[in-house]
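Enquirer: Here is the input, now give the coordinates:
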Amino acid sequence: MSGGKRVQRWHLWIEYGFVVAIMMGIGYTAWFYRENSYLPQPFFYEPDGVFMDWFSLSPYGYFRGAYDVNGTIYPPLSFVIMRIFSLPRCYNINSAEWARNCDWMGVAGLTGFIATNAVLTFFAFYKQDRSTFLPRAFAMSFGLPMIYTYERGNILLLAYTFVLLAFGPPLIRSARVRWFFGGLALNLKVYLIGAVLAPLLQRRWIQTEGIILWAAGIYLATYAFLGEGSPAEIVGNVTYYASGFAASNPLDLWYASSMVPVITLLNGEHFPINTYMNSDTANTLLMIATIVARTTQIFIVLSAAAIWLRPEAVPRHRGVYLAIAMAVTTSEVGGYTQILLLMFIFMERWQGIAKPLAIVMAYALCIPAEYVMGTEVYLTRFSWLHGSDVYAHYGLGLMALLRPLIAMLIVWCIASTTIHDVWVDIRHQGWKKRWRFRNDLPIMVGAGEAKPLSVSTER
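Expert: Below is the predicted model:
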């Protein structure tokens with residue numbers, strides 16, 4: 001290897017160092033389970049809750065009431081999939097606990113989803129960049145967001161598969177097939193509507209139209225099969241969920257995707273925060289958390305405007321990332337949704353300052369470890385994995401507080417990079433007429449020919 005290549009790839013030592021940290025976290029988790037018979041923080045605080053995101057909803061593949069009784073925000077496709085990957089004999093009664101103990105096919109399906117994700121992720125990142133695919137694919141496949149999603153049994157595992165195939169590195173050549181997977185993804189997680197609309201920023205109208213058509217067809221077919229989940233029901237439940245979340249105790253900070261739990265906890269409306277800290281401290285922290293959240297949203301809006309101004313100066317995956325980031329940082333949807341965000345961060349190149357910082361912070365979010373601060377609480381709980389009662393201890397985790405902040409800082413890095421790249425492009429060629437975008441508004445174009453730019457030309 002030449003000296004130039006060694007200089008260019010020094011960052012691989014950092015990336016492989018994080019792989020070692022992730023492996024150590026997995027090893028510690030295995031050791032902790034062997035010693036204590038339940039999974040440690042940051043995994044879910046209820047040892048009896050393993051796979052319950054799946055099995056708390058899977059009975060509704062056989063019984064009505066998903067929307068009017070449970071108030072779910074999942075479109076009908078989720079319940080159709082749960083019915084496919086289940087044993088009908090385990091759903092003679094509407095009981096989530098009974099179904100989990102009986103339905104081995106559901107557990108096998110979840111295991112198959114995460115295994116499929118690992119294989120596809122390694123292939124995708126190999127096509128993206130052969131020099132970095134091993135550490136980045138490992139972090140995505142076995143880091144905290146992915147294995148936490150598996151532990152919870154959330155159908156987000158399958159949504160990740162569809163997002164990867166629709167918007168990730170091009171594993172599939174056919175655009176129509178990618179649109180199909182985009183339609184499937186939208187039918188699993190409605191907040192992915194931003195990702196579907198994001199190509200419009202880069203004038204890729206047909207991609208958005210194709211995904212929406214596929215999504216509509218999939219929705220109508222699954223709605224007809226399930227017999228419930230009308231647009232009015234879904235919109236009503238989404239609206240109620242988005243406006244009604246408020247942290248009522250510190251457990252809501254366990255693994256958050258946004259500042260919403262911190263903000264609602266500090267404002268004291270649903271939790272007596274002044275019992276634990278004085279009002280001045282609480283108000284200061286509330287102001288800081290609010291500023292961070294609003295600044296993140298402003299950054300995303302400004303970067304979206306920048307992409308619209310110069311779509312050819314920004315890689316295609318960047319707009320999709322920012323759209324999903326807006327959704328998961330504005331409302332609380334759980335920290336495991338980071339698997340949909342980190343995928344796009346690991347598609348960035350180690351260039352400049354902001355992008356390497358974002359990559360490093362993305363690796364940090366993948367480490368399955370927690371530092372517990374302060375006094376721990378000891379409780380007797382039932383461990384489903386071990387099949388017995390355990391003496392579980394919990395405490396406030398440092399990373400539980402830092403993970404939402406780190407996710408916001410990653411958005412700042414990527415958004416500022418986007419704005420910078422567009423600004424450099426404008427300074428390089430001014431307001432010259434670019435042939436591909438000659439029909440843009442007059443403010444975006446002028447006379448002359450566009451010149452090639454070496455900054456942020458990766459696709």
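Enquirer: by contact count, what packs against the helix or strand encompassing I339?
Expert: Using DSSP states H and E, I339 sits within helix 338-345. Under the contact definition 3 or more CB pairs under 8 Å, 6 or more residues apart in numbering; DSSP states H and E, helix 338-345 sits against helix 133-142, helix 144-152, helix 156-167, helix 316-330, helix 354-365, helix 398-429. In short, each C-beta sits where N, CA and C put it, glycine included.
Enquirer: TSV please, covering the ones you listed and showing mean neighbour count.
Expert: Output for the helices and strands packed on helix 338-345, formatted as TSV (neighbours: other CB atoms under 10 Å):
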stretch	mean neighbour count
helix 133-142	22
helix 144-152	24
helix 156-167	25
helix 316-330	24
helix 354-365	21
helix 398-429	20
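Enquirer: Reformat these as TSV; add distance to V20.
Expert: What follows is the helices and strands packed on helix 338-345, written out as TSV (distance: least, CB to CB, whole Å):
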stretch	distance to V20
helix 133-142	10
helix 144-152	15
helix 156-167	24
helix 316-330	27
helix 354-365	11
helix 398-429	18
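Enquirer: Please convert those to TSV, extending it with distance to S258 and mean pLDDT.
Expert: As requested, the helices and strands packed on helix 338-345 are exported to TSV (distance: least, CB to CB, whole Å; pLDDT from 0 to 100):
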stretch	distance to S258	mean pLDDT
helix 133-142	21	96
helix 144-152	15	96
helix 156-167	16	96
helix 316-330	5	94
helix 354-365	14	96
helix 398-429	6	91
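Enquirer: Please name whichever of those helices is nearest to F181.
Expert: F181 sits nearest to helix 156-167 of all those, at 4.2 Å, using CB to CB.
Enquirer: what sits against L213?
Expert: W179, G183 (CB atoms under 8 Å, 6 or more residues apart in numbering).
Enquirer: hmm, 10 Å instead?
Expert: Contacts for L213 (CB atoms under 10 Å, 6 or more residues apart in numbering) come out as W179, F180, G183.
Enquirer: What is the nearest of the residues you listed to L144?
Expert: G183 (28.9 Å).
Enquirer: The closest one contacts W214, correct?
Expert: Yes - using CB atoms under 10 Å as the test, G183 is close enough to W214 to be in contact (3.0 Å).
Enquirer: Now G334. Its backbone dihedrals?
Expert: phi 100, psi 140 (degrees, to the nearest 10).
Enquirer: Tell me if I'm right that it and Y241 touch.
Expert: No - taking contacts as CB under 10 Å, G334 lies outside contact range of Y241: 12.0 Å.
Enquirer: In terms of neighbours, single out the busier of the two.
Expert: More crowded of G334 and Y241, by other CB atoms under 10 Å: G334, with 19 against 15.
Enquirer: Could you pull up the contacting residues of that one?
Expert: 53, 145, 148-149, 152, 154, 156, 254-258, 328.
Enquirer: try 8 Å this time
Expert: Contacts of G334 by CB under 8 Å, 6+ apart are N154, Y255, A256, S257.
Enquirer: Now do the third one against V333, distance only.
Expert: Put plainly, it is A256. Per CB to CB, to the nearest Å, A256 is found 9 Å from V333.
Enquirer: again with the second one
Expert: With the distance defined as CB to CB, Y255 ends up 11 Å from V333.
Enquirer: Please apply the same query to D252.
Expert: 13 Å.
Enquirer: if you count what's nearby, which of these two comes out ahead?
Expert: V333 (22 against 19).
Enquirer: is it true that the more buried one lies in a helix?
Expert: No - counting by DSSP: H, G, I helix; E, B strand; the rest coil, V333 is not found in a helix; it is coil.
Enquirer: Enumerate every residue touching the residue nearest to it when sequence neighbours are not counted.
Expert: Excluding the flanking residues, the one nearest V333 by CB to CB, 6 or more residues apart in numbering is S257, at 5.4 Å. By CB under 8 Å, 6+ apart, S257 lies in contact with V328, T329, E332, V333, G334, G335, T337, Q338, P404, A407.
Enquirer: and S257, which of the three is it?
Expert: coil.
Enquirer: Sketch out the helices for the stretch 1-150 of the chain, chain order is fine.
Expert: Along the stretch 1-150 of the chain, counting by DSSP state H, counting those that start in this stretch, helices occupy 3-8, 11-36, 52-55, 76-84, 96-102, 104-128, 133-142, 144-152.
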